[in-house]
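Participant: here is my input, please return the structure:
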Amino acid sequence: MIIRVSEAHVRPDRFEAFHDMIVSAVREFPGLHPGLVDHEVLIAPPDSLVYVSRWRSEADLAAYAGQDWRTRPVVLPGEDDYLLAPLRVRHFTSAPLPPQP
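Facilitator: Sure thing, here's the model as predicted:
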């Protein structure tokens, strides 16, 4: 599983509108992208929003985000108008915790 984290630094005066736009846009993602295991929108008003998505495989993530998925965020039309800085995208895989002694 690959966890993709897209972080947006949003203009505080546009935060609520941006949140509404993102939630509306990603609502249908599970039906559109079969490799998407789950996703969520995390907020830290007044200026930070994070979209977290969990993908079954690299191939599934590449089908959604393109071949440059490791370095290029997916930007929705008009999204830049809300942002203070470009989106930041990072990827994680889960690392098992060592057993308790």
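Participant: C-alpha from now on. contacts and neighbour counts both.
Facilitator: Will do.
Participant: got a list of contacts for the helix or strand of the chain with the lowest mean pLDDT?
Facilitator: The weakest-scoring helix or strand in the chain, judged by mean pLDDT, DSSP states H and E, is helix 29-32 (a mean of 92). Applying C-alpha atoms under 8 Å, 6 or more residues apart in numbering, the set of residues contacting helix 29-32 from outside is Leu36, Val37, Asp38.
Participant: give the buried residues for whatever helix or strand the second one lives in.
Facilitator: Applying DSSP states H and E as the criterion places Val37 in strand 36-44. Buried residues in strand 36-44, defined by neighbour count with 16 or more other C-alpha atoms under 10 Å: Leu36, His39, Val41.
Participant: could you check the angle strand 36-44 makes with the helix with the most length in the chain?
Facilitator: The longest helix of the chain (DSSP state H) is helix 15-26. Angle between the axes of helix 15-26 and strand 36-44 is 180 degrees (criterion: axes from the mean of the first three to the mean of the last three C-alpha atoms, to 10 degrees).
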